[in-house]
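1. Next one to model:
(chains A, B, C and D)
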4 protein chains.
Amino acid sequence: MTLYAAIERKVRASFARQGFMATLNAELVEVVQGRVTITAPITQAVSQQHGAGHAGLAFAIGDSAAGYAALTVIEGETDVMTAEMKINLLRPAIGAELRAEGKVIKAGRQLIVVQAEVFAGDKQVALMQGTMVRA
Amino acid sequence: MTLYAAIERKVRASFARQGFMATLNAELVEVVQGRVTITAPITQAVSQQHGAGHAGLAFAIGDSAAGYAALTVIEGETDVMTAEMKINLLRPAIGAELRAEGKVIKAGRQLIVVQAEVFAGDKQVALMQGTMVRA
Amino acid sequence: MTLYAAIERKVRASFARQGFMATLNAELVEVVQGRVTITAPITQAVSQQHGAGHAGLAFAIGDSAAGYAALTVIEGETDVMTAEMKINLLRPAIGAELRAEGKVIKAGRQLIVVQAEVFAGDKQVALMQGTMVRA
Amino acid sequence: MTLYAAIERKVRASFARQGFMATLNAELVEVVQGRVTITAPITQAVSQQHGAGHAGLAFAIGDSAAGYAALTVIEGETDVMTAEMKINLLRPAIGAELRAEGKVIKAGRQLIVVQAEVFAGDKQVALMQGTMVRA
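-> Sure, this is the predicted structure:
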């Protein structure tokens, strides 16, 4: 097994243990070095008061995508935890599905700065910036 | 009906329309002027990879608590939307239930700056700071 | 005078009124539609305790670069104010000069979401994400 | 010398090395366990385009106050650096002087979550939330 296959396996195993991702019917659609994409359907079960996707849905899949992007750049059995994350909502999350693309901005010795962009179709609905810590 | 009763009714009606809060089994436990408390059980259905509550759970109820705190200080039919929100995770969300207390820091003409503290039992697990915009 | 010349003139006139930019010996080096670059020397006068540039220096020129980027996408005499801004520091600000590149992510009716990247030479030292409000 | 006297001495020595604080005519007015207050005059030299204090001034003294609050809870020669910081501006910084009160929210093994409130007279002009990392 190549190093990369080992990393993808680590990410997929961790994702499978996140009960919240299953509840959101989220799917881990892409895992590459420093970049992870997660999708989730926008349904009534994850809506805010006007029927659009709740900010918490965009946050949840964006946070996981960013965290797993961080995990792809760490060797061995070390895990990462979210230290902090900020989200700007750009427009209502309207459409069939949200897609969160997480990526690594800077991997330091202790901290990994990450970013996530969240889209509904071809429209960006959120931009996120945060910090993962090796745990 | 007093003004305050009207505000509480508006908050409760909006909360009831948030499908995501139902999915999280969240409960609107207190609505007072400028301050709203929401709880949600920590279960496998909302877990991260180690079984603690997912950051997205703390974010979702904290964001709603902060948003509804903002709604209590606005008269009439105006609604609010999250413009942006930041969360710092202080410790893993371990316990039976999360409790998010949202409050208004400053209500301006266009923007309402809010804060939320999220607890598991008597331990604070997250601190949030953000901006709601009149919509 | 073209529309663009009018916008650049508005940005340069506002920058000239920011006393803080003069104190920092900051320079407005580029103004294009949706993107503004500001530089400032890293000297003892703007240092933190180890002699690198203070986080407040990166923030100050990044915030102004992002704010002026927002101003380039607004017509007429409307001004913008910083509603909120977040900065992640990626590495110490060491070198002769800091360069902040601000850009517009999404210009809405009330709010303009902006980003700034701050560099020392070819190394990125900070990433910023925030919100400008029409004033 | 008591432990506390040693901590205050460490904070005051570090503050004295921050050239930026001298440029801002900032003063370290209070150092107690987990809480530090810094003031700075609002003058033309630190103004934004309308003559109020620049967001970068509030950020700079708030960031230093929060960082030094973190330093008061760390023993020995370890230093702290700002990993990230967010600021919400609540109203224009108008008056004779800004006063930033930094405090520790949670001191962890690697990270220290901090908050700062910035005032002009009796009006709060900014709220800040961020993360210091042991360095």
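2. Hmm, A:I61 and A:L24 touching each other?
-> Yes. The pair formed by A:L24 and A:I61 meets the contact definition of C-beta atoms under 8 Å, at 6.8 Å. Where you see a C-beta, it was placed from the backbone N, CA and C, and this is true even at glycine.
3. what's the burial count for A:G34?
-> Burial of A:G34, expressed as a neighbour count using other C-beta atoms under 10 Å in any protein chain shown, amounts to 15.
4. So what's the residue count around A:A52?
-> Based on other C-beta under 10 Å, the number of other residues close to A:A52 is 21.
5. Excluding chain neighbours, what is closest to it?
-> Using C-beta to C-beta, 6 or more residues apart in numbering or on different chains and skipping the chain neighbours, the partner closest in space to A:A52 is A:P92 (4.0 Å).
6. What is the burial count for the one you found?
-> Residues lying near A:P92 (other C-beta under 10 Å) number 17.
7. what do you get for A:N25?
-> 13.
8. so what's it closest to, chain neighbours aside?
-> By the measure of C-beta to C-beta, 6+ apart, the closest residue to A:N25 outside its immediate chain neighbours is A:P41, 5.5 Å from it.
9. The one you found and A:R99 touch, don't they?
-> No. Using C-beta under 8 Å, A:P41 and A:R99 do not qualify as a contacting pair, with a distance of 10.7 Å.
10. In chain A, what helix or strand scores lowest on average pLDDT?
-> Every helix and strand of chain A was ranked by mean pLDDT, DSSP states H and E. The lowest is helix A:3-17, at a mean of 92.
11. hmm, the longest helix belonging to chain A touching chain B?
-> Using DSSP state H to define each element, chain A has its longest helix at helix A:55-71. Yes. Applying C-beta under 8 Å from any C-beta of the partner chain, one finds helix A:55-71 in contact with chain B at A:55-57, A:59-61, A:63-64.
12. Pull the most distant pair out of those.
-> Spanning the widest gap among the residues of helix A:55-71 next to chain B are A:A55 and A:S64, at 15.1 Å by C-beta to C-beta.
13. Between these two, which is the more surrounded one?
-> Between A:A55 and A:S64, counted using other C-beta under 10 Å, A:S64 has the larger neighbour count: 30 against 27.
14. Could you measure from the most centrally placed residue in chain A over to B:L127?
-> Geometric centre of chain A, nearest residue: A:A65, 1.7 Å, by C-alpha atoms, centre = their mean. Distance of A:A65 to B:L127, computed by C-beta to C-beta, to the nearest Å: 23 Å.
15. do the same with A:Q129
-> 17 Å.
16. which one of the two has more residues nearby?
-> Between A:Q129 and B:L127, counting by other C-beta under 10 Å, A:Q129 is the more crowded of the two (26 against 22).
17. in the sheet, who's paired with the closest residue in space to A:E30 that isn't next to it in sequence?
-> By the measure of C-beta to C-beta, 6+ apart, the closest residue to A:E30 outside its immediate chain neighbours is A:T37, 4.0 Å from it. Listed by DSSP bridges, the beta-bridge partners for A:T37 are A:E30, A:E101.
18. Contacts only, for A:T37.
-> Under the criterion of C-beta atoms under 8 Å, 6 or more residues apart in numbering or on different chains, the neighbours of A:T37 are A:28-30, A:65, A:99-102.
19. Dump these to TSV, plus pLDDT.
-> Converted to TSV, the contacts of A:T37 look like this (pLDDT from 0 to 100):
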residue	pLDDT
A:L28	98
A:V29	97
A:E30	97
A:A65	98
A:R99	98
A:A100	98
A:E101	98
A:G102	98
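20. Which one of these sits in the busiest neighbourhood?
-> A:A65 leads these on contacts (other C-beta under 10 Å) with 32 neighbours.
21. what's near enough to touch the residue lying closest to that residue once chain neighbours are set aside?
-> Leaving aside its chain neighbours, A:A65 sits nearest to A:G102 (3.2 Å; criterion: C-beta to C-beta, 6+ apart). Residues touching A:G102, when contacts are defined by C-beta under 8 Å, 6+ apart, comprise A:35-38, A:62, A:64-70, A:114-116.
22. 10 Å - rerun?
-> Neighbouring residues of A:G102 by C-beta atoms under 10 Å, 6 or more residues apart in numbering or on different chains: A:34-38, A:61-72, A:114-118, A:128, A:130, A:132.
23. Quick check on the residues you listed: which are buried?
-> Listed as buried from the contacts of A:G102 are A:35-38, A:61-72, A:114-118, A:128, A:130, A:132; burial here means 16 or more other C-beta atoms under 10 Å in any protein chain shown.
24. State the distance from the residue nearest to the centre of chain A to chain C.
-> In this view, A:A65 and chain C are 16 Å apart by C-beta to the nearest C-beta, to the nearest Å.
25. Give the full set of residues in contact with that residue.
-> Counting by C-beta under 10 Å, 6+ apart, A:A65 makes contact with A:15, A:26, A:28-31, A:35-39, A:99-103, A:114-118, A:128.
26. So, low pLDDT: which residues of chain A?
-> Low-confidence regions of chain A, defined here as pLDDT under 70, cover residues A:1.
27. This completes my enquiry, with thanks.
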